[in-house]
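J.: Here's my sequence, what's the structure:
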Amino acid sequence: MEKPCYVGMIGAGTCSDAHYNIARTLGFEIGKRGWYVVCGGLGGVMEGAAKGCTEAGSITVGLLPGLKKESANPYIRVPVPTGLGEGRNLLVVSASDVVVAIGGGYGTLSEIGLALKAGKPVIGLETWKDIEGIEYVSDCDEALMMIGRLL
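T.: Prediction:
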C-alpha cells in the first residue's frame, strides 16, 4: 500500500471568505487524491482546508496549540493536543511533505520560515511576497500541479 502525502495547509485562523473558499477548494482536491491535510486544527484557512478534505472523504490531522481535543474545528478527524501554543507550528511543518501557505499573518510567516529551513517545499497562494524559496502560484489548479510535481 502506498503511503499518502501529507499536505500542510497554513494560513490565518481568522481569514476572509475568499481565503476560506480557496482553502476549502484546495482541501477538497487534496482529499480527492487520497492525500491528507495537516494543519493547526483551528479556524480560518485551517478549517476551510479541513472541511474540503473531509468532504472528499480523506483524513485531516489537527496539531492543536492547547491541551483539549475539543478545541479542534469540526472537520478535524485526528485532533492532536500539543500544549505548545505557537510552538506547534514546527510540528505542522515537520509532519508535512509539502506546505501550502494561503494568506496569513506572522504565525504563517513563522511556518514558512520553519519549512524553508527544514528543506520542505513551500507553495504560496496569496501569501507573503518575495520570500526566496517559495513557489508562488496564482490559483488552486496551479497549486495542485505544483504539489504533484514536488512530491
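
J.: can you map out the strands along this protein?
T.: Remark: strands assigned in the chain by DSSP state E are 6-11, 36-39, 60-64, 78-81, 98-102, 122-125, 134-137.

J.: Could I get the contacting residues of the closest residue to T127 other than its chain neighbours?
T.: Nearest residue to T127, sequence neighbours excluded (CB to CB, 6 or more residues apart in numbering): A101, at 4.1 Å. For glycine as for every other residue, the C-beta is placed from the backbone atoms N, C-alpha and C. Contact analysis of A101 by CB atoms under 8 Å, 6 or more residues apart in numbering lists I10, G11, T108, E111, I112, V122, I123, G124, L125, T127, W128, I134.

J.: The helix or strand bottoming out on mean pLDDT in the chain: which residues count as buried?
T.: Every helix and strand of the chain was ranked by mean pLDDT, DSSP states H and E. The lowest is helix 140-150, at a mean of 95. Neighbour counts over helix 140-150 (16 or more other CB atoms under 10 Å) mark C140, A143, L144, M146, I147 as buried.

J.: Could you single out the nearest of these to V38?
T.: I147 (12.9 Å; CB to CB).

J.: Just put the contacts of A101 in JSON lines and tack on distance to K69.
T.: Shown next, in JSON lines, are these (distance: CB to CB, whole Å):
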{"residue": "I10", "distance to K69": "21"}
{"residue": "G11", "distance to K69": "22"}
{"residue": "T108", "distance to K69": "24"}
{"residue": "E111", "distance to K69": "22"}
{"residue": "I112", "distance to K69": "27"}
{"residue": "V122", "distance to K69": "28"}
{"residue": "I123", "distance to K69": "29"}
{"residue": "G124", "distance to K69": "31"}
{"residue": "L125", "distance to K69": "29"}
{"residue": "T127", "distance to K69": "29"}
{"residue": "W128", "distance to K69": "31"}
{"residue": "I134", "distance to K69": "32"}
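
J.: Kindly present those residues as CSV, with separate columns for pLDDT, distance to E70 and neighbour count.
T.: As requested, the contacts of A101 are exported to CSV (pLDDT from 0 to 100; distance: CB to CB, whole Å; neighbours: other CB atoms under 10 Å):
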residue, pLDDT, distance to E70, neighbour count
I10, 98, 22, 31
G11, 98, 22, 30
T108, 97, 24, 23
E111, 98, 24, 27
I112, 98, 29, 24
V122, 98, 31, 27
I123, 98, 31, 25
G124, 98, 32, 23
L125, 98, 30, 24
T127, 98, 29, 23
W128, 98, 31, 18
I134, 98, 34, 20
